[in-house]
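>>> need a 3D model of the sequence below.
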Amino acid sequence: MTAADTQHLPRFSGHPLRDAVLGEIHARPFRPLATPRVIIHYAFCLDGEGGAADMRAFAEFCRAQGAPGPDAFARYHTLPFAGGTLSWERHTEFTTYTWDGPLPKGDGGLFPPVSGNHPFGQAFQVSGPMMVAMRIDLMPDADLPANWADGFDAASLTASGVEQGAGFIATDFRADGNGMTRALIVNKAMTPSQAGTIVQRLLEVETYRTFALLGLFEANRLQPDITAIENELADLTQQMQGLNGLQANRKVLEELSRLAARLEAGAAASSYRFGASRAYYEITTARLEALREEPLAGYLGLAGFLRRRLAPAMRTCQSVEDRQANLSRKLARATTLLRTRVDVDLEDQNRTLLERMNHRARLQLRLQQTVEGLSVAAVSYYVVGLVSYVIKAAKKSGLPMPEPELATGLAVPVVVLAIWWTVRRIRAHHAEEDAE
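Numbering: from 1, shown residues only. Got it, this is the predicted structure:
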């Protein structure tokens, strides 16, 4: 298919993130680096605004140099500076600034002063605390002094060949007087692209291994509290064996709920840190593997040195997470057991209460039946009295009526039966309504 043919292809509606996805693969390219070169690298934690203040400060710095700043949603930006290039990158929780420039001429020793030919001077402003500071000197093999190892701490010096012997890297991972970790890359036969690749991978190893170790300090901070919760849980479960009564069970249940909330608060606060440390450790391991280093005779390799400390630190983080998860399950089981006991106590209490209510209801029913019997007699008495008055009045008026005493006596059983039957019908009617 020719270029002319592609002009007639239809244009479809693209996904809103398609351009960002296509551009992400090119967001942080390996930049070729000529030898000799000095690289200064910083990583700063993001501020409370998620890096907005840092971006504003860098945009202002770019404008001061007469160059455009990064776009509002940019994650990578470069700026020419002092014969080199300043690169800005925004990550999830930190931003990095990397400048490469000409390697200063020294007196034949390692790491000569860069003086003021770098961007990190008084005019350079950042909003977050510094976490990573590294300097890499890229020099040709011909300029390497014979006593180059004297510039490092012999106890932690690592040196490895890279690119199948085309160069080697050396560092002791210790901060110098300026607080910067120093590394040396000696170029024997590397191309600029190879040199740029090695530099970037080494910078990423230093950056990600530093942030990965943050999880260790979070784990150390949490361990005393987890131990205290474990001890309290053991005491409470021991108390549960001899608990009697609803109030005692509820008191221990409240203590278990308090411990569970305390544990979950710590787990929620540390989950991001532990997850980030795992991700950083995996990236560090991947970058070390990508270096394909071969330790020089008589020296430690980078991967061996870093994994000797990073791997236990990551296992400590995993151990704390596992303790949190196991402790959470134990608390849940103890809470469920105790809640069951509380529910059983409540059911016993409710059953006793219902029995008392039933007894009271039976007493009330008997009293009601007694009152109904008395009410029949009382109402009958009043009705018979009314009948007596009616008969006496009729007798006085001359109507043929029996003697009032006899008529009243005969009316008593009739009135009593009528009142009794009426009360019985009323009770039956109320019972039908209750049933409905």
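>>> quick one: L103 is in a helix?
No: the assignment for L103 is coil, going by DSSP: H, G, I helix; E, B strand; the rest coil, so no helix is present there.
>>> could you check the pLDDT of it?
You'll see L103 listed with a pLDDT of 87.
>>> now do P192
Turning to P192, the model gives it a pLDDT of 94.
>>> all numbers from here: first residue = 22
Understood, numbering begins at 22; the last thing we discussed is P213.
>>> got phi/psi on it?
phi -60, psi -40 (degrees, to the nearest 10).
>>> would you list the phi and psi of the residue nearest to it when sequence neighbours are not counted?
Closest residue to P213 apart from its sequence neighbours, by C-beta to C-beta, 6 or more residues apart in numbering: P53 at 3.6 Å. Where you see a C-beta, it was placed from the backbone N, CA and C, and this is true even at glycine. Main-chain dihedrals, P53, degrees, to the nearest 10: phi -60, psi 140.
>>> could you pull out the helices in the stretch 122-271 of the chain for me?
Using DSSP state H, counting those that start in this stretch, the helices found in the stretch 122-271 of the chain span residues 213-233, 235-261, 267-312.
>>> most tightly surrounded among these?
Neighbour counts (mean count of other C-beta atoms under 10 Å) averaged over each of the helices of the stretch 122-271 of the chain peak at helix 213-233, with a mean of 21.
>>> gap between F141 and G87?
As judged by C-beta to C-beta, to the nearest Å, F141 and G87 stand 19 Å apart.
>>> pick out whichever of the two has more residues nearby.
The neighbour count for F141 versus G87, taken as other C-beta atoms under 10 Å, is higher for F141 (15 against 6).
>>> thought the residue nearest to P213 was touching I219?
No: contact between P53 and I219 fails when scored by C-beta atoms under 8 Å: they sit 11.4 Å apart.
>>> L235 against G296, yeah?
No: here L235 lies out of contact with G296, judged by C-beta under 8 Å, at a distance of 11.6 Å.
>>> longest strand in the protein, by residue count?
Ranked by residue count, the top strand of the chain under DSSP state E comes out as strand 151-161.
>>> neighbouring contacts of the helix or strand that contains I60?
In the assignment (DSSP states H and E), I60 maps to strand 58-66. Residues from elsewhere that reach strand 58-66 (C-beta atoms under 8 Å, 6 or more residues apart in numbering): 54, 75, 105, 114-125, 135, 139, 141, 147-159, 201, 216, 220, 224, 227-228, 231-232.
>>> try 6 Å this time
Residues from elsewhere that reach strand 58-66, judged by C-beta atoms under 6 Å, 6 or more residues apart in numbering: 115-122, 124, 139, 147, 149-159, 220, 224, 228.
>>> quick check on those residues: which are buried?
When these are checked for burial by 16 or more other C-beta atoms under 10 Å, the buried set is 115-122, 124, 139, 147, 149, 152-159, 220, 224, 228.
>>> how much space between the closest residue to R203 other than its chain neighbours and R446?
The shortest distance from R203 to any non-neighbouring residue, by C-beta to C-beta, 6+ apart, is to R156 (5.2 Å). When distance is defined by C-beta to C-beta, R156 is 107 Å away from R446.
>>> what of C83?
Summarising the geometry, the distance separating C83 from R446, computed by C-beta to C-beta, is 100 Å.
>>> and for F65?
The spacing between F65 and R446, counted by C-beta to C-beta, is 93 Å.
>>> what does L205 give?
Computed with C-beta to C-beta, the distance linking L205 and R446 is 112 Å.
>>> neighbour count: those two, which is higher?
It is L205, of L205 and R446, that has more neighbours when counted by other C-beta under 10 Å, with 22 against 10.
>>> so T356 makes contact with E276?
No: T356 sits out of contact with E276 when judged by C-beta atoms under 6 Å, with a separation of 10.1 Å.
>>> flag the shaky bits of the stretch 22-171 of the chain, pLDDT-wise.
Within the stretch 22-171 of the chain, the ranges that satisfy pLDDT under 70 run 22-30, 43-50, 69-71, 127-129, 137.
>>> domains in the chain, by residue range?
Each structural domain of the chain that the record assigns through automatic domain parsing is listed here as a residue range: 48-230, 235-364, 390-456.
>>> average pLDDT across the second one?
Which is domain 235-364. Averaging pLDDT residue by residue across domain 235-364 gives 88.
>>> list the helices and strands the longest helix along the chain packs on?
With DSSP state H applied, the helix covering the greatest number of residues in the chain is identified as helix 323-417. Packed against helix 323-417, as judged by 3 or more C-beta pairs under 6 Å, 6 or more residues apart in numbering; DSSP states H and E, are the following elements: strand 179-183, helix 235-261, helix 267-312, helix 425-456.
>>> so what touches stretch 145-156?
61-68, 74-75, 78, 200-203, 227-228, 231.
>>> try 8 Å this time
59-68, 70, 74-75, 78, 81-82, 115-117, 132, 196-197, 199-204, 224, 227-228, 231-232.
>>> same thing with stretch 217-227?
Stretch 217-227 is contacted by residues 49, 51-54, 58, 60, 62, 117, 119, 121, 153, 155, 157, 159, 183-184, 188, 190, 192, 194, 202, 204, 206, 211, 304-305, 308-309, 311-312, 323, 327 when judged by C-beta under 8 Å, 6+ apart.
>>> can you count the residues close to R195?
Burial measure for R195: 13 neighbouring residues, criterion other C-beta under 10 Å.
>>> excluding chain neighbours, what is closest to it?
Nearest non-adjacent residue to R195, counting by C-beta to C-beta, 6+ apart: D174, 5.2 Å away.
>>> was I right to think the one you found contacts D197?
No: using C-beta under 8 Å as the test, D174 is too far from D197 to be in contact (10.2 Å).
>>> now the residue lying closest to P123 once chain neighbours are set aside: how far from N199?
Once flanking residues are discounted, P123 sits nearest to G104: 5.4 Å by C-beta to C-beta, 6+ apart. With distances taken as C-beta to C-beta, G104 is found 21 Å from N199.
>>> thinking again about what came up before, would you mind giving the helices of the stretch 122-271 of the chain as a markdown table with distance to L100 added?
Formatted as a markdown table, the helices of the stretch 122-271 of the chain follow (distance: least, C-beta to C-beta, whole Å):
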| stretch | distance to L100 |
| --- | --- |
| helix 213-233 | 17 |
| helix 235-261 | 29 |
| helix 267-312 | 25 |
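>>> for T391, find the nearest of those helices.
Comparison of the helices of the stretch 122-271 of the chain against T391 by C-beta to C-beta identifies helix 267-312 as nearest, at 37.8 Å.
>>> counting by contacts, list what whatever helix or strand comes next after the closest one packs against.
Towards the C-terminus, the helix or strand next in line after helix 267-312, according to DSSP H and E, is strand 315-316. Judged by 3 or more C-beta pairs under 8 Å, 6 or more residues apart in numbering; DSSP states H and E, the packing partners of strand 315-316 are strand 179-183.
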